[in-house]
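**Q** missing the sequence, but the structure's below:
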């Protein structure tokens, strides 16, 4: 029996199959489908058990045009056997990939600059709280959200999950029997995030079970069954990212086990979504080939400029600082930053050529925190981070990189010679002579080139066009524009954006 | 024919063989000797052609006792065939190895803290200048020296080498015909450094040929012949370190070629000396298994505290900052630090749990620089760096590590709870309340523990015993000792050393 479906490039196509019997979830996919584009490109997609004897295969077409598909392997005979998918032109930008060495872009080339939020245990909250979490992240302007599949236990956790991922057999979790309702909730949450324009940074395993649920006691073979299952379900979501674990080194496991899990994730995902793993005290070896970007906890890396850029050199991959301490009033030192300090750290991360994630840790009436359960955002930083995201989205270069990476006392970032950003941080100078560092490795400024200057107030969220300046002095290591000093508004956390006039909006 | 020699543990044993003919230097060692200790340990040592039909095998016994040896392989029949080596007890500490993750120690466990100097082209200078270089480095207290085997061309180079490493055949360098006098000079220089207590950080290839001599135009296969030859000559020197290249990325070669060269060096050296490679703009991937420690150029990493420690986390190996800019008056920005600034950077490197190298770049009457040709040191930093080395040698812990690595505003380093160092840098407080951060990963301070406090003036090179203090307050993240504030001397660059009384000298 043949089927014909229509779809769009970069959007999920789901094929449903009826098998003769129910095959337990295990090492091999119950059904594997091969998709072939008219031009010959082939993609092999593992399917997964959904319920009863129903199996699903989810495909994320990276190209428009005519695709055919047929069953490549199956553990039980399936119907239908083959079919066609007519994929229309893209309506969306597609999945995110690493681009320009230290940055990201959607499949269609549109730059993606993560400004992320965090709600570890949100999947295990009641529906309204999940919806509020998505809505408030979207309203703030966050475009990525970190959350865990498995439930969290311990401090600040008020809720006991109503759904668990697996059935039990003889009192032990049975990964061969996933709970459809659990994974449909996960599907829906990822889809809701996608509709809100938010990347789902899925924490596949977690270090916060603390033996309460016992999901941290699965064997490596059981983890593997689960990972293949959850990846088969979610990999066709255009907005998914894989993070093996938050604070992986809170679990006492050899690094090699994590490495094997990362290789499995890479092999199991036909659509090659971003992959990383996040540390507690001991950074993971982000050089490993399956790691696409370094996801790092270290708030001090963005306390001052000149630090986080060292990670860029060391890893030669995008750096996402997924925990730089949180805005809030929690008693522990990781959870009591002021909004101003957190926003300041985001701007430092940005000028260092890195990205960061937000988290909020005001102690809620019931004792929980937004980083745990999600919900409405209370802090003053989210609006400013949404503003930062709009600044990033308006860049005319692929991303900001330190221009003269180890030798610029002003820490100017940009993409020479097209655009530069200077951030004054806690200093509040009355004025500044426009000074652009020389990019010793690439293109540089030219005498006589005209630049548009915008003054950015990162806290009050304003962009004010100052006017244009002309490069009138080019030295070995720096260039200057305009004899007149640039007047700066009063207050801290002012930035200046300097854009080649031909490229300025 | 048998031979019997006597030797000492950790000192070079040389066996000389007469072959039937001269074998060209090539892929295989002309003679390979197997050494077996009475306890069964075996070491296989490749020999090398020395002159005419004479071949040498150099062995560095890691253990005392009775060793026997015999020829394992040979390209031409050799005499003698086997023999004994009676190795007496060590009189020296032995070769340097990585120890305690981010530090070094000699084979006998004695900690080694590099405080190194730099004279890239010294090997190609006249004898007196070479001798002055060693003598002045030793007088300053440097215990490592970076220099190149191949000659340097270009700016600041006044000398044309009188000896080159190879003969020419048909006008091209012939790596199968090394020049004995050249390599004996190299042998002697490494030995002179050893006698002066200095590790020879040998830059095997160089990026400063600029086509003048053509040694940067050897093929990868020719490089390999040379590398096996020079390693066979030098690997039995107790004080040798291998650095593939200074500023390797000035040469346009794929990183994989460097990686293969590094693997070759590791395989060719039976005595496993430290190995690294040093960058210009693009850091090498120091995660590669053959790299024992990260040798990094980035002066900005030690301009401020809180930076260089990130390399420790990223590479999980010792960090040696082999170029943090130089003391001098050269016109380029890399060569005009004040002595105070260079010494300050060394202290920052030290408190970051890293090591650094010195270089001097005063423009000499002929136009050269000490970092190029060596000779007497003129600057004010060497004496202070010798003082720093004495402070390091007096540590009661294996090395200094940031104690609370990402969350201590005072950047205290040490080995908790035995010893701590606090460096005040450019701030010049009148006094300080003794405050020790908590090591959240290891042992920590205890209430009532008594510590000896020493005040270190890093510029004036004095250590003043203040007395003892007692821990009287232990909080979650820090501990305090003594209600009375510690008075500090006037001036910048003061450090305080705090040592558990039971361990203090």
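**A** Received it, and whenever you're ready, just let me know what you need. Because the structure is predicted, anything quoted here is derived from the model rather than measured. Numbers count the residues shown, from 1 in each chain, chains lettered A, B, ... in the order given.
**Q** what segments of the stretch 101-250 of chain A are strands?
**A** A:103-106, A:111-112, A:115-118, A:144-148, A:166-169, A:172-178, A:199-203, A:240-243 (DSSP state E, counting those that start in this stretch).
**Q** how about the ones you listed in JSON lines, adding mean neighbour count, distance to chain B and mean pLDDT?
**A** Yep, even glycine has a C-beta here, placed from its N, CA and C like the rest. Conversion of the strands of the stretch 101-250 of chain A to JSON lines gives the following (neighbours: other CB atoms under 10 Å in any protein chain shown; distance: least, CB to the nearest CB, whole Å; pLDDT from 0 to 100):
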{"stretch": "strand A:103-106", "mean neighbour count": "22", "distance to chain B": "17", "mean pLDDT": "98"}
{"stretch": "strand A:111-112", "mean neighbour count": "20", "distance to chain B": "23", "mean pLDDT": "98"}
{"stretch": "strand A:115-118", "mean neighbour count": "27", "distance to chain B": "18", "mean pLDDT": "97"}
{"stretch": "strand A:144-148", "mean neighbour count": "26", "distance to chain B": "19", "mean pLDDT": "98"}
{"stretch": "strand A:166-169", "mean neighbour count": "14", "distance to chain B": "34", "mean pLDDT": "96"}
{"stretch": "strand A:172-178", "mean neighbour count": "18", "distance to chain B": "31", "mean pLDDT": "97"}
{"stretch": "strand A:199-203", "mean neighbour count": "26", "distance to chain B": "21", "mean pLDDT": "98"}
{"stretch": "strand A:240-243", "mean neighbour count": "26", "distance to chain B": "18", "mean pLDDT": "98"}
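**Q** I'd say residue A:308 and residue A:300 touch.
**A** No - counting by CB atoms under 8 Å, residue A:308 stays clear of residue A:300, with 9.5 Å between them.
**Q** who's more crowded, these two?
**A** residue A:308 (30 against 23; other CB atoms under 10 Å in any protein chain shown).
**Q** list the contacts of that one.
**A** A:301, A:302, A:319, A:321, A:348, A:349, A:352, A:353, A:354, B:310 (CB atoms under 8 Å, 6 or more residues apart in numbering or on different chains).
**Q** nearest to chain B: which residue in chain A?
**A** residue A:314 (3.6 Å; CB to the nearest CB).
**Q** helix or strand: which one has the closest residue to residue A:467 other than its chain neighbours?
**A** Counting by CB to CB, 6 or more residues apart in numbering or on different chains, residue A:467 lies nearest to residue A:453, which is 6.3 Å off, once chain neighbours are set aside. Element membership of residue A:453 [criterion: DSSP states H and E] is strand A:450-457.
**Q** if the residue nearest to residue A:467 is in a bridge, with which residues?
**A** Counting by DSSP bridges, residue A:453 is bridged to residue A:467, residue A:498.
**Q** let me see the backbone angles for the residue of chain A closest to chain B.
**A** Main-chain torsions, residue A:314, degrees, to the nearest 10: phi -70, psi -40.
**Q** that one: how many residues sit nearby?
**A** By the criterion of other CB under 10 Å, residue A:314 has 24 neighbours.
**Q** my guess is it contacts residue B:309, does it?
**A** No - look at residue A:314 against residue B:309 with CB under 8 Å: they stay out of range, at 11.8 Å.
**Q** show me what from chain A comes close to chain B.
**A** Contact residues (CB under 8 Å from any CB of the partner chain) of chain A with chain B: A:281-283, A:285-287, A:298-301, A:303-304, A:306-308, A:310-311, A:313-316, A:333, A:406-407, A:440-441, A:477.
**Q** how about 7 Å then?
**A** For chain A, the residues found near chain B under the criterion CB under 7 Å from any CB of the partner chain are A:281, A:283, A:285, A:287, A:298-301, A:304, A:306-307, A:310-311, A:313-315, A:333, A:406-407, A:441, A:477.
**Q** buried ones among those residues?
**A** For these, a neighbour count by 16 or more other CB atoms under 10 Å in any protein chain shown gives the buried set as A:283, A:285, A:287, A:298-301, A:304, A:306-307, A:310-311, A:313-315, A:406-407.
**Q** how far away is residue A:318 from residue A:269?
**A** According to CB to CB, to the nearest Å, residue A:318 and residue A:269 sit 18 Å apart.
**Q** and these two? Which one has more around it.
**A** Legend: neighbour count by other CB under 10 Å for residue A:318 and residue A:269, higher for residue A:318 (25 against 20).
**Q** thinking again about what came up before, between the contacts of residue A:308, which is nearest residue A:505?
**A** When those are compared for distance to residue A:505 (CB to CB), residue A:353 wins out at 22.6 Å.
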